[in-house]
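K.L.:
model this:
(one chain, ligands or ions: 1)
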Amino acid sequence: MIRILLRFAVYFLLFLLLRSFLRNLFGGSRAQVPRSRTPQPPPVPAGGELKKDPVCGTYVSTATSFTKTVHGEVLYFCSKECLDRYGKAKHYGDPKTGS
Ligand SMILES: [Zn+2]
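P.N.:
Sure, this is the predicted structure:
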């Protein structure tokens, strides 16, 4: 009976060691993150109007987006990739219906 209790105590100690080890590994590194918080500007700059990217559906600011004028209508894209994809999609039909 005592042998079982001893084994249980050993396991318990191992568990405690492992837990403190993991806490040092994750909790320790996580505690240092707030100190190096980088001041980043908001994704949407002030003054820009939000327009929907017809390719991926993301709302982009008119101040930072890529634009393309189609039939007198100005379209806004979040990236050059979407702009290119829109141009390619035009060959296959209406890009607004096909995502
Ligand atoms: Zn996009």
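K.L.:
Quick one: name the residues of this protein near the ion.
P.N.:
53, 55, 56, 58, 78, 82 (CB under 5 Å from the ion). C-beta coordinates here come from the backbone N, C-alpha and C atoms, glycine included.
K.L.:
Could you provide these in TSV, with additional columns for secondary structure and neighbour count?
P.N.:
As requested, those are exported to TSV (DSSP: H, G, I helix; E, B strand; the rest coil; neighbours: other CB atoms under 10 Å):
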residue	secondary structure	neighbour count
53	coil	19
55	coil	23
56	coil	15
58	coil	15
78	coil	20
82	helix	24
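K.L.:
Secondary structure element holding residue 3?
P.N.:
Residue 3 belongs to helix 2-22 when assigned by DSSP states H and E.
K.L.:
pLDDT on that helix, on average?
P.N.:
For helix 2-22, mean pLDDT rounds to 91.
K.L.:
could I get that helix in PDB with only the CA atoms?
P.N.:
In PDB, the C-alpha atoms belonging to helix 2-22 read as follows (Å, rounded to 0.1, in the frame of the first residue of the first chain):
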ATOM      1  CA  ILE A   2       2.800   2.400   1.000                       C
ATOM      2  CA  ARG A   3       4.500   1.700  -2.300                       C
ATOM      3  CA  ILE A   4       1.500   2.900  -4.300                       C
ATOM      4  CA  LEU A   5       1.300   6.000  -2.200                       C
ATOM      5  CA  LEU A   6       5.000   6.700  -2.800                       C
ATOM      6  CA  ARG A   7       4.600   6.200  -6.500                       C
ATOM      7  CA  PHE A   8       1.700   8.500  -6.500                       C
ATOM      8  CA  ALA A   9       3.800  11.100  -4.600                       C
ATOM      9  CA  VAL A  10       6.600  10.800  -7.200                       C
ATOM     10  CA  TYR A  11       4.100  11.300 -10.000                       C
ATOM     11  CA  PHE A  12       2.700  14.300  -8.300                       C
ATOM     12  CA  LEU A  13       6.100  15.800  -7.900                       C
ATOM     13  CA  LEU A  14       6.900  15.200 -11.500                       C
ATOM     14  CA  PHE A  15       3.600  16.800 -12.400                       C
ATOM     15  CA  LEU A  16       4.500  19.900 -10.400                       C
ATOM     16  CA  LEU A  17       7.900  20.100 -11.900                       C
ATOM     17  CA  LEU A  18       6.500  19.800 -15.400                       C
ATOM     18  CA  ARG A  19       3.900  22.400 -14.700                       C
ATOM     19  CA  SER A  20       6.400  25.000 -13.400                       C
ATOM     20  CA  PHE A  21       8.600  24.200 -16.400                       C
ATOM     21  CA  LEU A  22       5.800  24.800 -18.800                       C
END
